[in-house]
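> Got a predicted structure here, sequence first:
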There are 2 protein chains.
Amino acid sequence: MIGPEIERLIQLLSKLPGLGPRSARRAALHLMKRRDSLLVPLSESMALAAEAIRNCSVCGNLDSRDPCSVCSDHSRDRSTICVVEDAGDLWALERTRAFRGTYHVLGGTLSALQGVGPDDLNIPSLVERAKDPAVTEVILALNATVDGQTTAHVVTDRLSGSGVSISRLAHGVPVGGELDYLDDGTLTAALKARRPL
Amino acid sequence: MIGPEIERLIQLLSKLPGLGPRSARRAALHLMKRRDSLLVPLSESMALAAEAIRNCSVCGNLDSRDPCSVCSDHSRDRSTICVVEDAGDLWALERTRAFRGTYHVLGGTLSALQGVGPDDLNIPSLVERAKDPAVTEVILALNATVDGQTTAHVVTDRLSGSGVSISRLAHGVPVGGELDYLDDGTLTAALKARRPL
């Protein structure tokens, strides 16, 4: 006896990551109870995002500006391009404030399982950008998963001959992490890449 | 370097139950990647719900019709009113298909902590409905929490003298539940309310 409008809202909410059918019902109820303070603003914010946000034509980042606010920021170091899987990874790196170069968002990783091939990602535009003599380094900040590493391998392959130096993020002990809880692979990598004090 | 539109979307999404700042970012990214298949439909569905869904003037249920589809269904048994805390509980009871009477949605439970008193709930309209001679039974389907039981007590008090019989849901072993995992209170209640085979 749930009306069709609420039924559809629950069904759409349940497609969000982290929400199942039960938590989608809770979320719908929560929204209904806060019509003016949450439901209406969220609906408007989504409509605005759908209208305004586009992929940057240079790097693939999500922004209402094109080129995006990173690409159009003249204080950024244009000699270094950091390659990430999606905009969420770009946000994570930006939060660290440790990187002042530019980005390139691939829009996913290669995945044999999900049928994502090299042509489905923004790899050609990266190869184009790397041809610019001002670009000297490409940092591959891809996830340390099988798909991420396969993608890193393909990107490295496509960039060979462009003359840029290619690096990847270091493997090692997470800051604040306890050795006892680390997997063997990470510990081995941390040991191999040990640094003199 | 997240644009203000995305920042606001993340901030609003993080107010949904079950989503924190991190999962709200993931949800926002998920929505951006599925602009046409999810972001736009969800935005429209929310706008429609905000526009169309109202509280039923009879029972307080959420519906685009007023009286709601339960109250306006002439096949429902009008002699029994099942009192629930919110529409989510009504949906849960409707899913069982075990109840064919009508409902009354209180819109919350009494809570000293959150400053919810009897006048903040739909108790007066329940007392009005119970005066109808056609109503013979009120079932209190409130949560078995302290606040729920306090509310049940107050509702019982307000209904005294109206001549309706008042009942509550049975306590006992959940169907499919294992005794070993049950708390003492439930087990004691199940033992006291044992049924002859």
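Arrived safely.
> what's next to stretch A:182-197, contact-wise?
Stretch A:182-197 has contacts (CB atoms under 8 Å, 6 or more residues apart in numbering or on different chains) with A:170-174, A:179. The way it works is simple: take the backbone N, C-alpha and C, and place the C-beta from them, glycine included.
> so after the strand ranked longest in chain A, what's the next helix or strand?
Across chain A, the longest stretch assigned as strand under DSSP state E is strand A:77-84. Scanning forward in sequence from strand A:77-84 by DSSP states H and E, the next helix or strand is helix A:87-96.
> and that next one, which residues are buried?
Neighbour-count burial for helix A:87-96 flags A:87-91, A:93-94 (criterion: 16 or more other CB atoms under 10 Å in any protein chain shown).
> The next helix or strand after it packs against which elements?
Next helix or strand after helix A:87-96 toward the C-terminus (DSSP H and E): strand A:101-105. Applying 3 or more CB pairs under 8 Å, 6 or more residues apart in numbering or on different chains; DSSP states H and E, we find strand A:101-105 packed against strand A:77-84, helix A:87-96, helix A:123-130, strand A:137-140.
> Give me the contact status of the first one with chain B.
If I follow you right, that is strand A:77-84. No. Residues of strand A:77-84 contacting chain B under CB under 8 Å from any CB of the partner chain: none, with a closest distance of 11.9 Å.
> Now do that strand, average pLDDT.
Model confidence over strand A:77-84, given as mean pLDDT, is 95.
> Contacts for stretch A:94-102, please.
Stretch A:94-102 has contacts (CB under 8 Å, 6+ apart) with A:59, A:70-71, A:75-82, A:93, A:137, A:139, B:1-2.
> If you rank those by neighbours, which is first?
Neighbour counts for the contacts of stretch A:94-102 peak at A:Cys59, which has 25 neighbours (criterion: other CB atoms under 10 Å in any protein chain shown).
> per-residue confidence for A:Met1?
pLDDT, read off for A:Met1, is 64.
> scratch that, A:Arg194 is what I was asking about
pLDDT at A:Arg194 comes out at 87.
> Wait, a strand at it?
No. With DSSP: H, G, I helix; E, B strand; the rest coil as the criterion, A:Arg194 is located in coil rather than a strand.
> what angle sits between the particular helix or strand that has A:Thr151 in it and helix A:123-130?
Using DSSP H and E, A:Thr151 sits in helix A:146-159. Put simply, helix A:146-159 runs at 50 degrees to helix A:123-130, going by axes from the mean of the first three to the mean of the last three CA atoms, to 10 degrees.
> care to break chain A down by domain?
Using automatic domain parsing, the domain ranges for chain A come out as A:4-52, A:75-168.
> Quick one: closest of the ones you listed to B:Ser160.
Nearest of the domains of chain A to B:Ser160, taken as CB to CB: domain A:4-52 at 29.9 Å.
> low pLDDT regions in chain A?
In the predicted model, chain A carries pLDDT under 70 at residues A:1.
> pretty sure A:Leu39 is in a strand, no?
No. Counting by three-state DSSP, A:Leu39 is not found in a strand; it is helix.
> Find the centremost residue of chain A, please.
The residue lying closest to the centre of chain A (CA atoms, centre = their mean) is A:Asp86, at 2.4 Å.
> Test my guess that it contacts A:Val105.
Yes. Applying CB atoms under 8 Å, one finds A:Asp86 in contact with A:Val105, separated by 6.1 Å.
> Please verify my assumption that A:Leu90 contacts A:Val83.
No. At 10.1 Å, A:Leu90 does not count as touching A:Val83 under the criterion of CB under 8 Å.
> got any residues that touch both of those two?
With contacts defined as CB under 8 Å, 6+ apart, the residues adjacent to both A:Leu90 and A:Val83 are A:Tyr103.
> Out of the domains of chain A, which gets nearest to B:Ile166?
Closest to B:Ile166 of these is domain A:4-52 (CB to CB; 26.1 Å).
> Work out the gap between the closest one and the centre of the chain.
When distances are taken as CA atoms, centre = their mean, to the nearest Å, domain A:4-52 is centred 24 Å away from the chain's centroid.
> Sticking with A:Trp42, tell me its helix or strand.
Rather than Trp, residue A:42 is Leu. Of the helices and strands defined by DSSP H and E, A:Leu42 is found in helix A:40-52.
> What does A:Asn55 show for phi and psi?
Here is the backbone geometry of A:Asn55 (degrees, to the nearest 10): phi -80, psi 130.
> What pairs with the longest strand of chain A, parallel or antiparallel?
For strand A:77-84, the paired strands and their directions (DSSP bridges) are strand A:101-105 (parallel), strand A:137-140 (parallel).
> how far is the last one from where the chain is centred?
When distances are taken as CA atoms, centre = their mean, strand A:137-140 is centred 15 Å away from the chain's centroid.
> Could you write out the alpha-carbon coordinates of that strand in CSV?
Output of strand A:137-140 as CSV, limited to C-alpha atoms (Å, rounded to 0.1, in the frame of the first residue of the first chain):
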residue,chain,number,x,y,z
GLU,A,137,56.4,13.7,-15.5
VAL,A,138,53.3,11.5,-15.4
ILE,A,139,52.4,10.1,-11.9
LEU,A,140,50.1,7.0,-12.0
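> that older thread, so which of the domains of chain A is the most packed in?
Stretch with highest mean neighbour count among the domains of chain A: domain A:4-52 (a mean of 19; mean count of other CB atoms under 10 Å in any protein chain shown).
> Is there proximity between it and chain B?
Yes. Counting by CB under 8 Å from any CB, contacts between domain A:4-52 and chain B involve A:4-6, A:8-9, A:12-13, A:15-19, A:23, A:25-33, A:35, A:38-50, A:52.
> Thanks again, I'm all set now.
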